[in-house]
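Trainee: What follows is a predicted structure for the sequence shown.
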Amino acid sequence: MTTQKVAIVTGAARGIGSAVAQRLAQDGMSVAVLDLNEDACRHTVDAITAAGGHAVAVGADVSDEDQVIAAVDRILERLGAPTVLVNNAGIIRDNLLFKMTVDDWDTVLGVHLRGAFLMSKFCQRHMVEAGWGRIVNLSSTSALGNRGQANYSAAKAGMQGFTKTLALELGRFGITANAIAPGFIATDMTRATAERIGVSFDDFIDAAAQETAVKLAGQPEDIANAVSFFAGEAARYVSGQVLYVAGGPVD
Ligand code: NAP
């Protein structure tokens, strides 16, 4: 009998993270569904359990070192050594540069970059010990620049450099690191953007679809499919890559 691999998905209470957690459970992994609020993870855990999978809810703020250490220890105790990590937790605090507060800058960089750093730092030991690991980081097409998102685009470009460095440092231990850069995906995050700019979410989705080559709006499952590949055995020779999942080429 092979032991189930243990995956941690951050920001998995909803949106892309929830779809990724469900997909990795379908792929046969035990999944730690990690988010700020443990109760909010219930929906994702229940969906996994109902489909015959195995998952636990873990509350932690990925930007807080003590909480990350405690969360990884708890996951180790409850599920076993985590060897798959998906750094997905994210927030937006959009504003034009002249109106962006220092707090908006620090908070966004804190969740995306400091969060991915802390989670990776405290999980890598378990991957090194296992001689196998997979790290998948969520970047964004905003890494290429996006008006009103100086903080977010800096964080998402940073995720790409971070990913390539992890690939170089950890490859010799059987660990790969890759990034996925989604374009528009219909989630609460993009719903909030539609509200902020005063358009209905349906109109926002239609407009986003028209801007893609495939004339479709992305769904969380589109990202989960890409994560599933990077997290699996088949991706052992793919590392340090950035995959744009955006319905067409990006520049
Ligand atoms: P979402 O629906 O807003 O979900 C993000 C989740 O992350 C929420 O459950 C949130 O919890 C959690 N979270 C926020 N701060 C956290 C922290 N400090 N510690 C732990 N969890 C935290 O977002 P999404 O659209 O699914 O996005 C997921 C990832 O994909 C993000 O990294 C995002 O930047 C990236 N992405 C999204 C799109 C898109 O179009 N949706 C495009 C490109 C990239 P709370 O609900 O409690 O805040």
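Mentor: Cool, the structure landed.
Trainee: Please report phi then psi for the residue sitting nearest the centre point of the chain.
Mentor: Residue closest to the average C-alpha location in the chain (CA atoms, centre = their mean): Asn88, at 1.7 Å. The phi/psi pair for Asn88 (degrees, to the nearest 10) reads phi -120, psi -20.
Trainee: Tell me if I'm right that Phe229 and Ala235 touch.
Mentor: Yes: contact criterion CB atoms under 8 Å: Phe229 and Ala235 qualify, at 5.6 Å. Every residue, glycine included, has its C-beta placed from N, CA and C.
Trainee: Strands of the chain, residue ranges please.
Mentor: Here the chain has its strands, by DSSP state E, at 6-10, 30-35, 54-59, 82-87, 133-138, 175-182, 242-245.
Trainee: So which elements touch the last one?
Mentor: If I follow you right, that is strand 242-245. strand 175-182, helix 220-231 (3 or more CB pairs under 8 Å, 6 or more residues apart in numbering; DSSP states H and E).
Trainee: for the ones you listed, which one sits closest to the ligand?
Mentor: strand 175-182 (3.8 Å; CB to the nearest ligand atom).
Trainee: ok, Gln149 - how many residues close by?
Mentor: 23 (other CB atoms under 10 Å).
Trainee: you'd agree it is up against Ile92?
Mentor: Yes: the pair formed by Gln149 and Ile92 meets the contact definition of CB under 8 Å, at 7.2 Å.
Trainee: Flag every residue of the stretch 1-150 of the chain that's near the ligand.
Mentor: Residues of the stretch 1-150 of the chain lying close to the ligand by CB under 6 Å from any ligand atom are 10-11, 13-17, 35-37, 40, 61-63, 88-91, 111, 115, 138, 140.
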